[in-house]
Each structure stands twice: as structure tokens, then as C-alpha cells.
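>>> model the structure of this input:
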Amino acid sequence: MSLTDLVTKKSTDSTSAVQKPEKKWGTVDDLFRVWASSATGGPKDIIDSDLNISSNGSANDETAIITLVNDVFLNAFRHKSSDIHIEPREKNVKIRFRVDGNFISYKDLDLSYKNPLIARIKIMSYLRIDEHRLPQDGKINYKMFGGKTIDMRVSILPTIYGEKCVIRVLKKDERPPELKNLGIMPYNMVKLKAHLKDSFGMILAVGPTGSGKSTTLFSLLSQFDSEEKNISTLEDPVEYRIPGVNHTQINPAIKFSFAAGLRSLLRQDPDIIMVGEIRDEETAKLAVEASITGHIVFSTIHTNSAVHTIQRLVNLGVDPLLITSSLRAIVSQRLARKLCAECKVSYTPTDQVKEFVVGKVGKYIKDQENLTLYKAKEDGCDRCNHTGYRGRVGLYEVLEMSDKLEELVLRNASKTQLEIQAIWDGMVPIKEDAILKAVLGETSIEEILSVLGT
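Residues are numbered from 1 along each chain as shown. So this is what the prediction gives:
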């Protein structure tokens, strides 16, 4: 019986209720005061910021649109949104934020705001305001206070109801989180830290878009001393700034691809290389060759599991012998919402759920008879903006290349054979890692189902 079958309808209904809470949003004036209070450079910071309406326009209609855009941006920043969606509909304009991987509705505007709102964003991102038929991509460097800026990537796409705008909010001034704060369990942490001591080889972080791969890699990079190592990265876009690390932004528009950048980077006497993503055969082969010639290489690939990554590299044209010689570890991951520590609710699971959980991760549980699980409070609290969840935690599986696994790769074994051998070698499957985090109260069974399925 699957985990989905074991979760009661009441729990499912509760989850549905949690996903549509009533939000509390601040006005632009309220948020202006909050951000202004953190300014360290005095009045000049306020004058130079994009929040200063008088520096952007004086007419009433212009001021109203500028205020509206500031209102949208500030609320998005305040709630740590990763994306802002401005979507024209048949009868209104819908604005939504993606927070912790889930959409929350922000505002419904009258259709009269559609064109001036998009036009304002186009002006800020240096796009053509007279082009309405073709997609456009741009970026905004939004100036806050105290010299703080926030980078945003803008994508404009024509739809039957008008132009849709999606804005990706980047963490320009933030440092990557500490490795211990990502949610990596001790049995995986030991493996990763051991491979950080290798003198060469490749470590891959894999998963779908938005699963936190880059964050994991940068947290791993932060473990090295940039004064003792020459660390270089190729990124698109540059998300984090690590002191002493040479960050390079690729630009496919001028034929500066990951492959082209990697070829040049190998002439820069690097010790450690981070390639933002392996997308094609040339990049894959260059990364593998670099990792067996005395460099530590970190990169990401879009695959669904650690085992599937090996087959993906073979499909990209990399020699299996080179894969076994270069690959040190594969980190497959997803992100799940964390239960709000202030309002999460504990409950005793049914016998069937208990039996399932104990069967999967019983060896890690001391008191199996008195097993307690946690779920989101239906109405949440002010701390979590009435969602029941606050922040996200990583779900991981770490595959290490072993002698037995090497033999199977060279024999072109099936995915199932590779997975069985990896588990036999000590890999904890991502679903077991997720269930253990539910037992620890970090997330809920319902959230695991929504992220990993059955």
C-alpha cells in the first residue's frame, strides 16, 4: 500500500484549507518606512533608491503606477518570493507570488492597469515598450537603501489577453547558507565532507528546476578557503557572491556558453571549478575531462534521481570509463516546505501509517511505539502568514561511486540494477530521507506527497 493510501481524507482536506489562507499585505508606505529605517547612509540613500517616487515621475498617473510597482516589489521581497507573476486575464490582471515553491495570490487589478503596469516594468528593464508581439527578456537592478540592490530577471510573453510578465528575484547580496542549515542528515553529511577532501573528481547536484541545486553547490564551495585555492565559477545567472571566488556570468547571446567558458577557465590555473549546468555533450565531456586532470568540478544536471544521472551522462556521449574515473558523488534533491515552528500540530498517526513509517525508517527511531508526526495548523499564525509553513528544507539522496557500481556502469546495467547496488552500498533513498524529516517534525507527510508523489 502506498503512502498516499495511508493518509486520511481529513488530512488532505486540512492541507487544501492551508493552501488558501487570507494574506496580510503591507502598503507601500508601511514597507517604505520599514526599509527606510534600515538605511545606513542617511537621506542620500533614500534619494538614490528606486523607492523615491519623485525621482521617477511627477504626473499623478505616473506616480500611481510607480507606487503600484514598488508596492508589488516590496511585498514580494518582504515575503521572500522567488518569482513574481503578473498575468492578464479576461476580466482582470492577476498578480501572484511564488513563496517556498507555492503560489500565493497577491492582488487582482482592473484591466486598465494592464498596459501601464507592463510598460513601467519594461522601462525599468530597458525593454522596448512599443513591442507587444514578441517575447522579451531583460533585467532590473533594483536599488534599495544603504547601497543594497536586488537583481531581477524579467520575462515578457504575449498571451491572448495581453503580455504576461514573470520576474525572477535573485539573491544578489546574500551569501549561501551554511551546509549544516540545508537539512542534510548526518549520514549524508559524512559522505559529502569526505569527498570535499578529494584532490580531483566531480560532484553533481541533480533535480528539477527550483530544487535548490545551486544553493547546495555554493554551500559546498563555501567550505573551501579561497585564499588557498583558486576557485572559479561559470553561472547563468550569478546568484551568490562568495568573497575570494571568481564568479563569471555566461552570455549565450555572444556565444559565451558554459562550454566556451569552461575551455577558457581551464587556462586560468583553477583548483576548483563550478559549472552552473551541464546542458550538452561538449560541456559534459569538458567537465569530466577537467575532473580527471587534477581539478575538483561541481555542476548540476536536470535529472530525476541520482542513478538516472549516470545514464544521462552516457546519453550525452560521455565514455562510461571516464564517468567511473571522474564521478565522486551525486546529490539528488528536492525542496519541501518546513512546518512553522510556532504553530505546527502534533498528532498520533494511524496504525497503518505508523507501520509504513517504521518499515521505512524504523532503524532511526528509538521509541517506535509512541511515534508522533506533525502537520500544518489549518489557519496557521502571523509568523507563517497563515499558511502553516515557513521556509523550506532539502530532501536528499547521496550516491557514491563504488567498485561494484563502477562494474555495473561499465556493463551498461539498467537503472534498477544501479539503484539496488547504490542502496546496498549505503545510499539512503530520498523518500526515506523525507519520511525521517517528517518524523523529526520538519515537514509533514502531506507536503512529502506533494513534492515526491507516492
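>>> report how many residues lie close to Leu127.
17 (other C-beta atoms under 10 Å). Yep, even glycine has a C-beta here, placed from its N, CA and C like the rest.
>>> how would you label it: helix, strand or coil?
At Leu127 the chain is in coil, as set by DSSP: H, G, I helix; E, B strand; the rest coil.
>>> distance check, it against Thr63.
22 Å (C-beta to C-beta, to the nearest Å).
>>> also Glu378?
Glu378 sits 41 Å away from Thr63, taking C-beta to C-beta as the criterion.
>>> swap in Thr293?
Distance from Thr293 to Thr63, by C-beta to C-beta: 59 Å.
>>> what about those two, which has more around it?
Higher neighbour count among Thr293 and Thr63: Thr63, with 14 against 11, using other C-beta under 10 Å.
>>> output the helix or strand the more buried one falls within in PDB with nothing but the alpha carbons.
Taking DSSP states H and E as the definition, Thr63 sits inside helix 60-78. Written as PDB, here are the backbone C-alpha positions of helix 60-78 (Å, rounded to 0.1, in the frame of the first residue of the first chain):
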ATOM      1  CA  ASN A  60      -0.300  61.700 -11.000                       C
ATOM      2  CA  ASP A  61      -0.800  58.800 -13.300                       C
ATOM      3  CA  GLU A  62       2.900  58.000 -13.500                       C
ATOM      4  CA  THR A  63       3.200  58.300  -9.700                       C
ATOM      5  CA  ALA A  64       0.300  55.900  -9.200                       C
ATOM      6  CA  ILE A  65       1.900  53.200 -11.400                       C
ATOM      7  CA  ILE A  66       5.300  53.700  -9.900                       C
ATOM      8  CA  THR A  67       3.800  53.400  -6.400                       C
ATOM      9  CA  LEU A  68       2.000  50.200  -7.500                       C
ATOM     10  CA  VAL A  69       5.200  48.600  -8.900                       C
ATOM     11  CA  ASN A  70       7.000  49.500  -5.700                       C
ATOM     12  CA  ASP A  71       4.200  48.000  -3.700                       C
ATOM     13  CA  VAL A  72       4.400  44.800  -5.600                       C
ATOM     14  CA  PHE A  73       8.200  44.500  -5.400                       C
ATOM     15  CA  LEU A  74       8.400  45.400  -1.700                       C
ATOM     16  CA  ASN A  75       5.800  42.900  -0.700                       C
ATOM     17  CA  ALA A  76       7.500  40.300  -2.800                       C
ATOM     18  CA  PHE A  77      10.800  41.000  -1.100                       C
ATOM     19  CA  ARG A  78       9.200  41.000   2.300                       C
END
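>>> how far off helix 60-78 does the helix or strand just after it point, in degrees?
Next along the chain after helix 60-78, taking DSSP H and E as the criterion, comes strand 83-88. Here strand 83-88 runs at 140 degrees with respect to helix 60-78, directions being taken by axes from the mean of the first three to the mean of the last three C-alpha atoms, to 10 degrees.
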